[in-house]
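Chemist: Let's see this in three dimensions:
(one chain, ligands or ions: 3)
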Amino acid sequence: MAEVEVRAERPYRVQIGAGALSGLPELLQGARRVAILHAGVMADRAHTVAHELAADGLQTTCIEVPDGEGAKTGEVLLHCWDRLAEAGLTRSDVVVGLGGGATTDLAGFVAASWLRGVGFVSIPTTVLAMVDAAVGGKTGINITAGKNLVGAFHEPLGVLCDLDLLVGLPEREVSSGLAEVVKCGFIADERILELVEQDPAEARDVTSVRFATLVRRAVQVKAQTVSTDLREATSSADRVGREALNYGHTLGHAIEAAQHFTWRHGEAISIGMVFAAEVSHRLAGLAADDVARHRRLLSQVGLPTAYNAADWNQLRATMSLDKKARGDQLRMVGLRRMGEVTIVDSPPEQVLLECWQALDPGA
Ligand SMILES: NC(=O)c1ccc[n+]([C@@H]2O[C@H](COP(=O)([O-])OP(=O)(O)OC[C@H]3O[C@@H](n4cnc5c(N)ncnc54)[C@H](O)[C@@H]3O)[C@@H](O)[C@H]2O)c1
Ligand SMILES: O=C(O)C(=O)C[C@@H](O)[C@H](O)[C@H](O)COP(=O)(O)O
Ligand SMILES: [Zn+2]
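Modeler: Ligands and ions are numbered 1, 2, ... in the order given. So this is what the prediction gives:
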């Protein structure tokens, strides 16, 4: 079992490996009641876990939430609060999130907001949630105007990445998660890129050693980045903190909103990273070869790199609501070279338009 520590205000461990789920009782010490928020696809697993915890004397409540982004809404949040009230969940009790990143984002926000904050344990069940969403304490929901516009920072007590849970995950979801893995390669750990390039098919095989190594290395990048800048407070062109993890998300999130949150997050971010690489080439010195490497690598893991299915002006307006923006100033994460992140401040509109046009499948 691999372990990665996140040095938050209250440090916690991310446990990665087959059977990691067995670490749950230890994380619940001191709790009397536990609410397990889970996606429908995890219903059987949630009930099994609840029975095991009940056998240990805990009072358990399973709360099934809608699939995918359907969980990250105000209505679902209200429903969960009502269920926690019925269950009598107190400040010494714990909310568990069992599912993909949408479920853990919602569950984390339920934990952050209930009684102004109760304990939270994250049990991610997709690649994307293991390497990214479950780690680092960003929680929240979407509104029509944009992705994750309402939320809170709320660190978990621990994260259990049980690789056994990934067996049977659809290939499209594996690819989506690999977008965030490859992102970690672009921004901080070139070894990740090499591991994918050496054998892309094995990189997509969730039972392979290569895949497990990729997950661990991506979690290490995430943990190190958030440990130095938990609340995304550090940012300048030469010293980029947590914002580095937002590489590709300025356009990516706008695409998700334009597609009414029906797209896979990693697919949107893949296109967003190609866009960010094009911007970086024009404004931050990223070599043309590295832009081509973005397209090649992302395609190798089954991700889209071209897009023209939305109106540019609409996307551009949504990008202004990105959390990195300050006033009228758009700020994007860029790359000077692989592994060297910078902030691109107020990119000229003409350059953005050119980069958008470079995404056209016919370009
Ligand atoms: N908080 C953060 O730091 C952070 C980081 C990255 C992404 N996110 C968020 O995470 C979300 C995307 O996460 P995701 O890609 O996991 O999406 P998701 O939660 O929608 O899960 C994807 C699909 O996989 C299914 N699924 C989950 N586990 C499964 C399993 N073991 N076997 C088979 N099917 C399974 C789900 O039911 C869903 O249909 C987005 O909302 C994104 O904004 C948050
Ligand atoms: O953890 C972070 O910080 C990230 O930016 C990771 C992203 O991959 C993730 O999608 C996150 O949810 C985006 O956050 P947001 O603040 O842009 O909503
Ligand atoms: Zn993301």
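Chemist: Okay, the residue nearest to Asp205 when sequence neighbours are not counted and ligand 1: tell me how far apart.
Modeler: Using Cβ to Cβ, 6 or more residues apart in numbering and skipping the chain neighbours, the partner closest in space to Asp205 is Phe211 (5.7 Å). C-beta here means a position set from N, CA and C on the backbone, and glycine is covered the same way. Computed as Cβ to the nearest ligand atom, to the nearest Å, the Phe211 to ligand 1 distance reads 14 Å.
Chemist: So what's the residue count around Phe211?
Modeler: 21 (other Cβ atoms under 10 Å).
Chemist: any idea which element it lies in?
Modeler: Using DSSP states H and E, Phe211 maps to helix 209-228.
Chemist: Now do the residue nearest to Asp205, the pLDDT please.
Modeler: On pLDDT, Phe211 comes in at 98.
Chemist: Tell me who's in contact with it.
Modeler: 202-205 (Cβ atoms under 8 Å, 6 or more residues apart in numbering).
Chemist: Most neighbours of all those residues, which one?
Modeler: Neighbour max across these (other Cβ under 10 Å) = Ala203, 24 neighbours.
Chemist: From Ala201, how far off is Asp164?
Modeler: 21 Å (Cβ to Cβ, to the nearest Å).
Chemist: In three-state terms, label Gly266 for me.
Modeler: helix (DSSP: H, G, I helix; E, B strand; the rest coil).
Chemist: I'd say it and Leu178 touch.
Modeler: Yes. If you go by Cβ atoms under 8 Å, Gly266 and Leu178 touch, sitting 6.9 Å apart.
Chemist: Common neighbours of these two, please.
Modeler: In contact with both Gly266 and Leu178: Leu303, using Cβ under 8 Å, 6+ apart.
Chemist: mind listing the strands for the stretch 251-363 of the chain?
Modeler: With DSSP state E, counting those that start in this stretch, the ranges of strands along the stretch 251-363 of the chain come out as 331-337, 340-345.
Chemist: quick check: angle from the helix holding Phe211 to strand 340-345?
Modeler: Going by axes from the mean of the first three to the mean of the last three Cα atoms, to 10 degrees, helix 209-228 is angled at 50 degrees with respect to strand 340-345.
Chemist: Fine, thanks again, bye for now.
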